[in-house]
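> Build the 3D model from these lines:
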Amino acid sequence: MQAKNRKRLMLFTGSANPELAAEVAGLLGVEVGNVSRKVFASGEISISFQESVRGADCFVLQSHSNPINFHIMEQLIMMDALERASAKRITAVVPFYGYARQDKKGRPREPITARLMGDLLLASGADRIVSVDLHSAQIQGFIRKPFDHITALPTFLEHIRKAVDRPLTIVSPDTGRVKLASRYARRLDAEVAFVHKRRSVDELNVVAALQVVGDVAGRHCIIMDDMIDAAGTVTSAADLLKEGGALSIRAMATHGVFSPPAADRLKNAPIDEVVVTNTLPLADDIKDLPNLTVLSIAPSLADTLRAIFRDTSVSSIFMGENV
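Coordinates of the predicted model:
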């Protein structure tokens, strides 16, 4: 007796960003899988898949957005259910990877939560992880199974070429992002600058920008980062660029976390345009920003999931920049 090879792609989503999952599903030509998600009175999460997943190639899309711990747990439970239901392969699709900023010990007796996050995903049944613009590329090394790190670089490049004048300077908000800024500058024939800053050791989200290193006077400047959280870094950098004579200032980041008081800070900052992708859902106060542009990461995610399903190259989709 010989069974026919009937490989199936199934895409499921948690409750964090169903709009993104629906867009990805449409580009893949599939329906978002039917799953029941409920919460007990005690706060515990109940998951039940409403269709057979036996032998299927299953993708579970969930951004780790606020409330972050709930959404992480929801994804873990979904993958545990898929493994017990005999899915052939389970891929955790995490557009925004939670707890990624703690990727090393900065002080004694601190955790490395980026590693812990990877361990949890694998323990729950993930055979593979997909994420977008990690806070640090070294996180891939924490995972003993395949980890596809994709980038929003092609999406941002297309927007910059259409919307931004020359001469152009790509600004790293700190020394740690100079390599990222250089990748964009190389593609755009632009200059690179960076902001020297000091972050508070004792307080979270407290940053002091000290000076800009690089040529920004008389140039259109783009502050490029992986995320905008409370917006302290990007607004401090924008103030320095304005003082330095920048013609225009844009802030671009893959992940729009936008924790309070980000909205107020961005409204009062000398920033002409704030550009993020839809890896995370946006709160209403952020949606009301008149200078906000949201680009869709769905085409890149769909191309990546299709390549994984077909066992073809992912790096070729991103011009080898997804490292």
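
> residues near residue 109, how many?
Using other CB atoms under 10 Å, residue 109 is surrounded by 5 other residues. In short, each C-beta sits where N, CA and C put it, glycine included.

> Report pLDDT for it.
You'll see residue 109 listed with a pLDDT of 95.

> Can you verify my assumption that residue 235 contacts residue 264?
No. With contact defined as CB atoms under 8 Å, residue 235 does not reach residue 264; the gap is 9.8 Å.

> quick one, which of these two is more surrounded?
For the pair residue 235 and residue 264, the greater number of neighbours falls to residue 235 (23 against 12), based on other CB under 10 Å.

> Just the pLDDT for that one.
94.

> helix or strand for it, which one?
helix 232-243 (DSSP states H and E).

> Buried residues of that helix, list them for me.
By neighbour count on 16 or more other CB atoms under 10 Å, the buried set for helix 232-243 is 232-238, 240-242.

> downstream neighbour of the lowest-mean-pLDDT helix or strand in the chain in the secondary structure list?
Of all helical and strand segments in the chain, the minimum by mean pLDDT, DSSP states H and E falls on strand 207-213, at a mean of 73. Tracing the chain C-terminally past strand 207-213 and defining elements by DSSP H and E, one meets strand 220-228 next.

> Tell me where the stretch 101-250 of the chain has strands.
Counting by DSSP state E, counting those that start in this stretch, the stretch 101-250 of the chain has strands at residues 128-132, 147-150, 168-172, 191-199, 207-213, 220-228, 248-256.

> so which of these gets nearest residue 40?
The closest approach between residue 40 and any of the strands of the stretch 101-250 of the chain, judged by CB to CB, belongs to strand 128-132 at 28.2 Å.

> now the closest one, how far from the centre of its chain.
When C-alpha coordinates are averaged (CA atoms, centre = their mean, to the nearest Å), strand 128-132 and its chain have centres 10 Å apart.

> Direction-wise, compare it with strand 220-228 and give the angle.
For the pair strand 128-132 and strand 220-228, the angle between their directions (axes from the mean of the first three to the mean of the last three CA atoms, to 10 degrees) equals 140 degrees.

> Paired strands for strand 128-132, with orientation please.
Using DSSP bridges, the strands paired with strand 128-132 in its sheet are strand 89-94 (parallel), strand 147-150 (parallel).

> any idea how far residue 21 is from the most centrally placed residue in the chain?
The C-alpha lying nearest the average C-alpha coordinate of the chain belongs to residue 96 (CA atoms, centre = their mean; 3.8 Å). Residue 96 sits 13 Å away from residue 21 when distances are taken as CB to CB, to the nearest Å.

> ditto for residue 134
When CB to CB is applied, the distance between residue 134 and residue 21 equals 20 Å.

> Residue 218 now?
44 Å.

> So the two - more neighbours on which side?
Neighbour totals were compared for residue 218 and residue 21, and residue 21 leads with 25 against 11 (other CB under 10 Å).

> wait, is that one part of a strand?
No. Checked against DSSP: H, G, I helix; E, B strand; the rest coil, residue 21 lies outside a strand; its state is helix.

> Now do the same for it: its pLDDT.
Taken from the predicted model, the pLDDT recorded for residue 21 is 98.

> okay, now residue 298: neighbour count?
Using other CB under 10 Å, the number of residues around residue 298 comes to 23.

> Check residue 288 too.
Other residues close to residue 288 by other CB under 10 Å number 11.

> who's in contact with it?
Residues in contact with residue 288 (CB atoms under 8 Å, 6 or more residues apart in numbering) are residue 263.

> one more time with 10 Å
Contacts of residue 288 were listed using CB atoms under 10 Å, 6 or more residues apart in numbering, and they are 263, 267, 282.
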